[in-house]
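# Turn this into a model:
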Amino acid sequence: MYLFHLLLVLITFNAKANISCNGSQNLCSKRFNEVHYLTTHNSFNYSLRGKLKNYGPLAYLFPNQNRPIQNQLNEGVRALMIDLHLFRNKVVLCHGGRACNILGKDLAINVFRDIRLFLENHPNEVITLILESYIPSKKLTEVLNESGLSSYLHCQTKGSPWPTLGEMVAHPQSNNCKYPGRLVILNDRVEVNDPQWNLDLFGEWAVETKYSYKKIKELDCGLNRGSSKNDLFILNHFTTFIAGKKRDARKINQFQFLLDRVLKCEAQSGKIANFITVDFYSEGEAQAVIKHLND
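Numbering: from 1, shown residues only. Below you'll find the model as predicted:
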């Protein structure tokens with residue numbers, strides 16, 4: 001009996017020792033704000049060649065990504081930038097107004113369910129949603145509840161240290177903020193008396209670089225929205241002219257180019273570039289850069 005219990009303890013200890021967080025054992029001991037995350041700009045705004053079933057809309061016009069959010073999560077993206085609008089009283093992902101019909105849209109509930117399924121099937125992964133929101137908090141809460149994502153939400157109090165990724169994956173669900181959840185919501189629209197999970201993106205938690213670069217030579221480390229004292233740093237790494245510029249993405253997502261800019265901006269800001277935000281993430285070597293930085 002003693003040997004049986006000893007063996008059980010050793011098996012349990014070994015299982016815990018081998019746990020990984022966001023694909024790496026090293027990250028389990030790092031706090032949320034000490035980690036780099038591959039982030040997609042306008043994550044919902046993708047275009048596919050041909051018609052693929054169950055992939056949401058056939059395509060958005062003027063895309064920023066090649067693949068839908070399901071693929072992005074499966075291929076290592078850990079933070080998603082998405083726009084939320086009301087369209088005919090439904091919460092949708094689109095660029096707003098008449099553009100929802102013209103440029104493409106998808107129901108938020110569909111995408112949120114996909115994210116929930118990913119969290120269910122990948123219990124060691126931590127995901128962040130960076131929201132450009134044009135909907136009231138009540139509507140956001142409703143769609144989170146309906147999709148089943150509300151049980152994964154992470155609550156954070158200003159001034160308190162972020163949990164480690166290991167602490168965030170230690171519990172299957174957050175249980176109404178009792179435990180650290182695995183889904184962080186950073187929202188540029190907050191309201192009085194919002195729940196603790198609806199974190200004020202630029203008001204309290206993050207600072208970003210500019211996002212309006214039109215040419216590669218314009219990419220710099222100048223700061224835009226948010227205070228440099230905020231915990232989190234968003235490094236926007238894309239060029240735009242009406243839509244994402246895939247040709248530029250192929251160049252600036254190359255390993256050395258991207259790594260050099262991240263290191264330069266980290267040195268200038270004195271901050272870790274938590275969210276490295278790219279267009280056409282599958283072009284170039286952004287994932288390899290993230291791994292290199294985290295290791």
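
# okay, CA-based contacts and neighbour counts for the rest of this
OK.

# Strands of the stretch 1-150 of the chain, start to end?
37-40, 79-87, 90-93, 106-107, 127-133 (DSSP state E, counting those that start in this stretch).

# Tell me the helices and strands packed up against the third one.
It stands for strand 90-93. Contact here means 3 or more Cα pairs under 8 Å, 6 or more residues apart in numbering; DSSP states H and E; on that basis strand 90-93 packs against strand 79-87, strand 106-107, helix 108-121.

# Now distance to residue 201, mean pLDDT and mean neighbour count too, for these, in JSON lines please.
As requested, the helices and strands packed on strand 90-93 are exported to JSON lines (distance: least, Cα to Cα, whole Å; pLDDT from 0 to 100; neighbours: other Cα atoms under 10 Å):
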{"stretch": "strand 79-87", "distance to residue 201": "12", "mean pLDDT": "96", "mean neighbour count": "21"}
{"stretch": "strand 106-107", "distance to residue 201": "23", "mean pLDDT": "90", "mean neighbour count": "20"}
{"stretch": "helix 108-121", "distance to residue 201": "19", "mean pLDDT": "96", "mean neighbour count": "18"}
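
# Next, format the ones you listed as JSON lines and append distance to residue 27.
JSON lines is the format used below for these (distance: least, Cα to Cα, whole Å):
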{"stretch": "strand 79-87", "distance to residue 27": "16"}
{"stretch": "strand 106-107", "distance to residue 27": "33"}
{"stretch": "helix 108-121", "distance to residue 27": "17"}
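
# and residue 154, which of these is closest to it?
Evaluated with Cα to Cα, these place helix 108-121 nearest to residue 154, the distance being 13.1 Å.

# before we move on, back to that, which one of the helices and strands packed on strand 90-93 lies closest to residue 275?
strand 79-87 (7.2 Å).

# Pull up the gap between residue 242 and residue 210, please.
16 Å (Cα to Cα, to the nearest Å).

# sorry, that was for residue 132
15 Å.

# Equivalent analysis for residue 100, please.
25 Å.

# got the CA positions of the helix or strand residue 260 falls within in CSV?
Using DSSP states H and E, residue 260 falls within helix 255-269. C-alpha atoms of helix 255-269 as CSV (Å, rounded to 0.1, in the frame of the first residue of the first chain):
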residue,chain,number,x,y,z
PHE,A,255,12.4,36.8,-38.4
GLN,A,256,15.2,39.3,-38.1
PHE,A,257,13.1,42.4,-39.2
LEU,A,258,10.4,41.7,-36.6
LEU,A,259,12.8,40.7,-33.9
ASP,A,260,14.9,43.8,-34.4
ARG,A,261,11.9,46.1,-34.1
VAL,A,262,10.6,44.4,-31.0
LEU,A,263,13.9,44.7,-29.3
LYS,A,264,14.3,48.3,-30.3
CYS,A,265,10.8,49.2,-29.1
GLU,A,266,11.3,47.3,-25.8
ALA,A,267,14.6,49.1,-25.2
GLN,A,268,13.0,52.5,-25.9
SER,A,269,9.9,52.0,-23.8
